[in-house]
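Sequence plus the predicted model coming up.
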Amino acid sequence: MAYLWNQVASAFFISICILNIILHSAHGEQSFRTQPHDSEVIHGQTVILPCEVNNAVGMVQWTQDKFALGTERDLPGYPRYSIIGSQDLGEYNLMISNAQLMDDGVWECQVTPTEYTIGLRSEAAKLTVFVPPDEPTIDGEPNVEVTATQPVNLTCTANNGKPAAKISWYTDGELITGNIHTVTTQHEDGKRENVVSTLEITPTVGDQGKTYECQATNEALVSVAPKKTRGSLEVLYAPEVSMTVEPNREMKEGGSVNFKCQAEGNPNTITWKWFEDMEELPDSSQDHFTLKNIDKSKHGKKISCEATNSVGSSKQSFLLNVEYGPFFTGNPQHAAVDVGEDATLQCNVEGNPPPTIIWMRKGSNKIRGSASKMTITNVRESDFGVYTCAATVIGFDEISTDVFLMKNGPPIIQSEDEQFAMSGSEALIECAAQSVPKPSEIKWFKDGSPIDFTNTARYSLIEKDTPTLRKSIVKIEGVSSEDFGEFNCTVSNGYGEDMRLIALVEKEGVPLIYLLAGVLGGIVFIAVIVGIIYCVIRRKRGLPKDDDDASVAGKIDGVVYKPATYGDKVEPWRSDADKSYFRYSDEYAELNYASTNKEGPQKNYGYGMDSNRGNDYRDYRDYHDAGFSEPNGKSLNRYDSGYGPDYLPNGNHVNNPNPNPNNEFPLATRDFSAPQNTYSSMDKRPPPRSPIQEDVSTLMRLSTNV
């Protein structure tokens, strides 16, 4: 029985296998009729991946990146996915709606194996989902701040594109092809890409408001316009300055100059500074500035205004051209020569415009030269004297100075034989020597022995040069009895030597009682004068108002008093010649400086000084043009090249000024042993009186006669 059952089971199993083989042979072997292939889809659109199977026996399914989605045709859990087509016809196409980036990957169509058939796997199909980039942006948009003349990069960014965005630059509708640099980086999802494009430009002020456009596109945007953005340039620049000047020419010394500056910049918030050359001027924070009372020191100065904003600063400058009159720079260069040598006289003059210079001999109108230097060749005796250097600038007063051509000779000492000092005080022993040329050596002796100034503590030597001589002064501190005595001053130059014995004499002090008496007397004198003036003023106020000039005349006790009458000839140089109390009668209208013709030897001291120092005066017209010589032919014109005309040798050395050769005063000898009075020595007329002196005089005369 068991055996029979085994036989029946074996037969049934064999039948099933045979039936299976028969069925398989009837349908054929399962295979792919259509396989999926690489495809591309734009984000959000629909894509169908094909898959058709012949004689499908197994289960058909789709995988993405080897992950199976299931065998049911509606693919539960994946609402955007579905298998479409006729199953009877073996169509298992995968439709993906609203494609997303997550759909991007490798897809396969698979058929599961059966007992009698093998499984199927299609070729891998790459599905690429194109994703458009984000809207591009330009850094700083819509108004991109840039600085004029400084290179800058305009940056446009287009992120999250798949594939990477292609960026283009445009300005005023024209494509820009140069100076562009692009950098692409991978997004963190590994699929999308970010793009940064930079455009290098160097803006100018004229680019203000200029628009630059950035366009971004990729395969996702082939059928639509590129994405774009724009940015306008906000060009920042330092102020551009312009200056106006009034007046802009003919700036004369003593005038004023007005400066006005204007500036344009971005931003337009501007601060101002003004400079003279490199030095900032105080109180100059406005856009205008006035330079008042300009002088020649401002000539050639550069006045600048500086405008500043947040970007930077800029300047505008003006070079001052100040017109000013001539002036001498330094002392004139006199000359001292021997007869037969060449001599050069020089006066240095500045002015703007450059001065015109002429040289003339003093007292002559003949022009001798027209440059700052005048050279006289082979000097003759008649060439020695005073020359005038005159300089003129149009629109200004002429200036002139005297320059001396002097004859070399031995020195002459002009100091007093006796000089005084008080015991215990300081003594100054002066030896003044007129010398052309200047002394080469001055020696001092005391009681026949040379003075050692180095090793004598109380003794020191001071030397001073004045325009016409050299002073050597022995200074003694704390004079004692042994210091009084005889000093020897010896002066030498290349032409000779002179010596003078100078006695230092003790001077007694003035007693205190005399000083007090002098002070008291002065106070009393001042009080008397004040009282007289007061009385005169009160008397004048009491006179009738209708009194005229004749009212000064009075008749007291039969004596008629009349004011002085004056002629028409008055000194033309007197600005107050119209005032009666300064006028002189006709008999004094012409000054006379005729010589007194005193007898005695005449010595030439280099400036027409008589060694006898008499009170002689000679009319300046008596000297002819050649050499300032006396009628006897003796020269009066020895001067030193470094000396000027302001020293007159006399008993008090340099206390009495020498007459200026420009003035019409005589070049003659003069007595310096007695006090000088210009009016008494040159003109016998009384000096002019002031109104108060006239009133006092009138009062005194009236009171005397009363």
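Nice, thanks for sending it over.

Could you use CA atoms for every contact and neighbour count after this?
OK.

what's the distance between residue 182 and residue 68?
41 Å (CA to CA, to the nearest Å).

What of residue 401?
121 Å.

Likewise for residue 205?
Using CA to CA, one gets 65 Å for the distance from residue 205 to residue 68.

same check, this time on residue 419
Applying CA to CA, the value for residue 419 to residue 68 is 139 Å.

Residue 306 now?
Going from residue 306 to residue 68 by CA to CA gives 79 Å.

okay, residue 250: pLDDT?
Per-residue confidence (pLDDT) for residue 250: 77.

dump the residue contacts of the residue nearest to it when sequence neighbours are not counted.
With CA to CA, 6 or more residues apart in numbering as the criterion, residue 250 has its nearest non-adjacent residue at 6.6 Å, and that residue is residue 323. For residue 323, the contact set (CA atoms under 8 Å, 6 or more residues apart in numbering) comprises 250, 251, 252, 253, 296, 299, 351, 352, 353.

again, 6 Å this time
Residue 323 is in contact with 251, 252, 253, 352, counting by CA atoms under 6 Å, 6 or more residues apart in numbering.

Provide the contact partners of the helix or strand hosting residue 474 at residue level.
Using DSSP states H and E, residue 474 falls within strand 469-476. Strand 469-476 is contacted from outside by 426-434, 458-464, using CA under 6 Å, 6+ apart.

Nearest to residue 197 among those residues?
Comparing the contacts of strand 469-476 against residue 197 with CA to CA places residue 464 closest, at 85.7 Å.

element containing the closest one?
Using DSSP H and E, residue 464 sits within strand 459-466.

go on, residue 402?
Assigned by DSSP H and E, residue 402 falls within strand 399-407.

need the next SSE after that strand, C-terminal direction.
Next along the chain from strand 399-407, counting by DSSP H and E, comes strand 409-413.

Next one: the closest residue to residue 307 other than its chain neighbours from residue 405, what distance?
Once flanking residues are discounted, residue 307 sits nearest to residue 272: 4.9 Å by CA to CA, 6+ apart. Separation of residue 272 from residue 405 (CA to CA): 57 Å.

what about these two, which has more around it?
Higher neighbour count among residue 272 and residue 405: residue 405, with 27 against 18, using other CA atoms under 10 Å.

Before we move on, what's the pLDDT of the more buried one?
For residue 405, the model assigns a pLDDT of 92.

surely it meets residue 337?
No. Contact criterion CA atoms under 6 Å: residue 405 and residue 337 do not qualify, at 7.7 Å.

Now do the strands for the stretch 101-250 of the chain: every range, in order, please.
For the stretch 101-250 of the chain, applying DSSP state E, counting those that start in this stretch gives strands covering 105-111, 120-121, 125-130, 137-138, 143-147, 152-161, 166-171, 174-176, 180-186, 193-201, 211-217, 227-246.

how about these, which one is nearest residue 314?
Closest of the strands of the stretch 101-250 of the chain to residue 314 is strand 227-246, at 6.1 Å (criterion: CA to CA).

Tell me the first helix or strand C-terminal of that closest one.
Using DSSP H and E, the first helix or strand after strand 227-246 is strand 251-252.

which residues touch that next one?
Strand 251-252 has contacts (CA under 6 Å, 6+ apart) with 322, 323.

Can you give the strand pairings for it, parallel or anti for each?
Strand 251-252 has its sheet partners listed here by DSSP bridges as strand 322-328 (parallel).

and the partner strand with strand 399-407, angle?
30 degrees (axes from the mean of the first three to the mean of the last three CA atoms, to 10 degrees).

returning to what we had before: the more surrounded of residue 306 and residue 68?
Set side by side, residue 306 and residue 68 show more neighbours around residue 306, with 23 against 14, by other CA under 10 Å.

Quick check: of the contacts of residue 323, which has the highest neighbour count?
Taking other CA under 10 Å to define a neighbour, the member of the contacts of residue 323 with the most is residue 252, carrying 22 neighbours.

so how far is residue 393 from it?
Separation of residue 252 from residue 393 (CA to CA): 12 Å.

Show me where this protein dips below the pLDDT cut-off.
Scanning the chain for pLDDT under 70 picks out 1-28, 467-468, 509-512, 542-706.
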